[in-house]
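J.: From the sequence below, what's the structure:
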Amino acid sequence: MAYEVFADFYDKLTGNVGYKERAEYILSVLDKLNHQAGLTLDLACGTGSLTLELKKQGVDIYGIDGSPDMLSVALQKASDEGEQILFLCQKMQSIDLYGTIDTCVCTLDSINHLTNKQDVQKTFQRVSLFMNKGGVFLFDVNTVYKHRCVLSDNVFVFDTDEVYCVWQNTPDEDNKVNISLDFFIPEGKSYYRITEEFSERAYTMEELNEMLTKAGFKVEAVFGDMTFDAPSEDEQRIIVAARKI
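T.: Reported below is the predicted structural model:
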């Protein structure tokens, strides 16, 4: 999926994310791990909101995403803020960097968009290949609980001045959820409809740990979202911090 239409409305539909607070949290996690961010990659950076916030806080960072449409928004956003940030269009599982990195962040359930373990494994291995020894890979994932109990077969509606969006979920095997987004975009006194579809898959911590270990990482911490506490049984998103060994 290239997220052509989603890119136009992504920021409007994710206005409750709190990118500034999330950037501060990421830096606090790195501090807790006694790790200096150094050269940082924002993997699957989307429209670059988090990349920009980390840049503003002094992080030497660049972004990668597989969607040209998302990156177009990211470039314009950085330009509007007077920031020069490199953005590259590459898929997560086949990144090819110009040199090594000290830190990689990957947020907002981007890993869940890889719906087979082979692609997740390839992604972890590519991050490991370009990461300096002792570097930190910090990412989040939606949990199995969220897929089974929150997304499930539920329907969500987002209504803004610019778009009306209906988010429909259909559960599938292997903790997958098939998602259909119907965008109703105002045009004069009527609306036109565009549909985009994709899937997300939840992975257990055991599965993630196995794949990280195989890629040369050691898991150092697992937190509930935006906390330093262990994930609760009904945690919807977990934070995983792994170090390159």
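
J.: looking at the chain, which residue lies furthest from center?
T.: Lys189 (36.0 Å; C-alpha atoms, centre = their mean).

J.: Show the backbone phi and psi for it.
T.: Main-chain torsions, Lys189, degrees, to the nearest 10: phi -100, psi 10.

J.: going forward can the numbers begin at 36, since that is how I track them
T.: Okay, using 36 as the starting number, the last item reads as Lys224.

J.: Okay, strands next: where are they in this structure?
T.: 74-78, 95-100, 122-124, 136-141, 166-177, 190-194, 199-207, 211-222, 225-236, 252-259, 272-279 (DSSP state E).

J.: Now render the ones you listed as TSV, adding mean neighbour count, mean pLDDT and distance to Asp66.
T.: Every C-beta, even on glycine, is put in place using the N, C-alpha and C of the backbone. Compiled in TSV, those are given as follows (neighbours: other C-beta atoms under 10 Å; pLDDT from 0 to 100; distance: least, C-beta to C-beta, whole Å):
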stretch	mean neighbour count	mean pLDDT	distance to Asp66
strand 74-78	24	98	14
strand 95-100	23	98	16
strand 122-124	16	98	26
strand 136-141	24	98	12
strand 166-177	21	98	11
strand 190-194	11	91	35
strand 199-207	16	94	35
strand 211-222	16	90	34
strand 225-236	14	90	30
strand 252-259	17	98	12
strand 272-279	22	98	12
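
J.: out of the ones you listed, nearest to Asn147?
T.: Nearest to Asn147, of all the strands of the chain, is strand 225-236, at 4.1 Å by C-beta to C-beta.

J.: Quick check: can you name the pairing partners of that closest one and their directions?
T.: Within its sheet, strand 225-236 is paired with strand 211-222 (antiparallel), according to DSSP bridges.

J.: Please work out how many residues are found near the nearest residue to Glu268 once chain neighbours are set aside.
T.: With sequence-adjacent residues excluded and distances taken as C-beta to C-beta, 6 or more residues apart in numbering, Glu268 is closest to Tyr180, at 7.1 Å. Neighbours of Tyr180 under the rule other C-beta atoms under 10 Å: 18.

J.: and Tyr180, what does it touch?
T.: If you count contacts by C-beta atoms under 8 Å, 6 or more residues apart in numbering, Tyr180 has them with Glu268, Asp269, Glu270, Gln271.

J.: got it, and Asp137?
T.: Counting by C-beta under 8 Å, 6+ apart, Asp137 makes contact with His70, Gln71, Ala72, Gly73, Leu74, Thr75, Met166, Asn167, Gly170, Val171.

J.: Now the phi/psi pair for the closest residue to Ala113 other than its chain neighbours, please.
T.: Counting by C-beta to C-beta, 6+ apart, Ile120 is the residue found nearest to Ala113 once chain neighbours are left out, at 4.6 Å. When read as degrees, to the nearest 10, the backbone of Ile120 gives phi -130, psi 130.

J.: domains of this protein?
T.: According to automatic domain parsing, the chain comprises the domains 39-178+238-279, 181-235.

J.: so how far is the first residue of the last one from its last?
T.: End-to-end distance for domain 181-235: 11 Å, by C-alpha to C-alpha, to the nearest Å.

J.: centre of the chain versus that domain, how much separation?
T.: From the chain centre to the centre of domain 181-235 is a distance of 18 Å (C-alpha atoms, centre = their mean, to the nearest Å).

J.: What of stretch 147-157?
T.: Stretch 147-157 sits 13 Å away from the centroid of its parent chain (C-alpha atoms, centre = their mean).

J.: Cool, thanks, talk later.
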